[in-house]
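# A structural model of the following input is requested.
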Amino acid sequence: MKRIVEVGGEVGERVRNRIRSVSHRVMEIARASRSKAQNQGKEKLQKSYKHLLNATGQVVAQAKRIAEEVTKQVKKSRTVNQERLTALKAELEKMIRLVKQVMHQTKARLFKNDLHVVGKIVSLFEPATQIIRKGKSSKPTEFGRLIKIQEAENQIVTHYEVCAERPADSTLLVNSLEIHKQQFGHAPHTVAADAAFYSAANEKTATEMGVKRVAIPNRSTKSADRRLLQKKRWFRHAQAWRTGCEGRISVLKRRHGLNRCRYRGDAGMKRWVGLGVIADNLINIGKVLVLQAAEG
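This is a model prediction of the structure:
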């Protein structure tokens with residue numbers, strides 16, 4: 001709203017800065033959340049949130065009025081700032097929509113104990129950010145995007161994907177094999193993945209596609225034959241190789257910055273991951289070429 005005023009001048013009403021009052025509400029919420037008295041602390045927390053939601057609602061209402069004034073001003077004026085005002089109005093309307101969604105999910109969580117609101121937003125500036133829970137004791141809850149990495153021999157990443165949603169791992173296997181066939185003209189000889197990728201249908205489909213050895217453990221099996229299969233040398237060797245692939249993810253995070261994306265938006269996320277994968281592949285391809293040259 002301030003940028004709109006800077007570009008187009010006053011648009012009917014003075015923009016009120018509520019940062020100070022909002023900061024006070026945030027401090028009240030922080031103190032109430034630390035209260036040891038559960039009932040009294042909950043009442044204080046809800047009261048503070050009501051005040052915060054009221055202030056946010058006033059900001060949203062003013063933002064709507066300013067957006068309407070900008071529309072009228074753009075229609076009347078033919079100044080050089082018209083395109084800039086239109087872009088700022090679009091940004092403002094987008095933020096209004098996101099803030100209203102955050103208000104809705106906050107009300108549902110606090111006053112209805114509903115933690116599964118449809119379209120939940122955890123970041124206003126990166127709405128595509130997701131809540132990721134993998135059962136880790138050190139990091140029970142993480143925020144970001146799920147990335148699938150396919151690795152072949154010599155630690156070369158052959159494909160990556162930034163998932164739009166949090167899919168079940170078992171739904172990713174067949175598509176990964178199809179991508180491999182498109183890239184190399186044939187199915188891989190051996191496929192290794194962790195137990196989350198296992199299903200009888202996946203194993204059957206992989207075999208039908210031409211995979212000779214499918215090394216995906218079924219940890220819930222009661223079959224003696226299945227347990228014997230998973231103890232075979234080739235199966236254990238493939239699983240050891242798969243465990244080593246976990247290090248590729250760690251390297252991508254530490255050496256190539258995939259622990260935090262520096263670009264904005266969905267396209268920026270895909271570009272950042274792609275650049276990290278390319279950089280890592282260049283290093284590993286170089287190592288292989290140097291080794292081959294030394295042996296030759």
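
# surely residue 60 and residue 100 touch.
Yes - here residue 60 lies in contact with residue 100, judged by CB atoms under 8 Å, at a distance of 6.3 Å. Using the backbone N, CA and C atoms, a C-beta is placed for each residue, glycine as well.

# identify the contacts common to those two.
Listed as contacting both residue 60 and residue 100 by CB atoms under 8 Å, 6 or more residues apart in numbering is no residue at all.

# just list what the helix or strand where residue 250 lies packs against, helices and strands only.
Element membership for residue 250, per DSSP states H and E: helix 233-256. Contacts defined by 3 or more CB pairs under 8 Å, 6 or more residues apart in numbering; DSSP states H and E place helix 233-256 against strand 147-151, strand 190-192, strand 213-215, helix 265-295.

# pipe the ones you listed into CSV and attach mean neighbour count per row.
Converted to CSV, those look like this (neighbours: other CB atoms under 10 Å):
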stretch, mean neighbour count
strand 147-151, 18
strand 190-192, 20
strand 213-215, 20
helix 265-295, 14
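
# mind checking which of the ones you listed is nearest residue 32?
With CB to CB, the closest approach to residue 32 among the helices and strands packed on helix 233-256 belongs to helix 265-295: 34.9 Å.

# so what's the gap between that closest one and the chain middle?
Mean C-alpha position of helix 265-295 versus that of the full chain (CA atoms, centre = their mean, to the nearest Å) differs by 22 Å.

# surely residue 143 is within a strand?
Yes - applying DSSP: H, G, I helix; E, B strand; the rest coil, one finds residue 143 inside a strand.

# is it bridged to anything, and to what?
residue 131 (DSSP bridges).

# for it, give me its contacts.
Counting by CB under 8 Å, 6+ apart, residue 143 has contacts 122, 123, 129, 130, 131, 132.

# now which of the residues you listed would you call buried?
129, 130 (16 or more other CB atoms under 10 Å).

# turn the contacts of residue 143 into CSV, columns for pLDDT and distance to residue 166.
Below are the contacts of residue 143 laid out as CSV (pLDDT from 0 to 100; distance: CB to CB, whole Å):
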residue, pLDDT, distance to residue 166
122, 88, 13
123, 87, 16
129, 85, 12
130, 84, 6
131, 84, 8
132, 83, 7
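
# quickly name whichever of the contacts of residue 143 is closest to residue 111.
When the contacts of residue 143 are compared against residue 111 (criterion: CB to CB), the nearest one is residue 122, at 19.4 Å.
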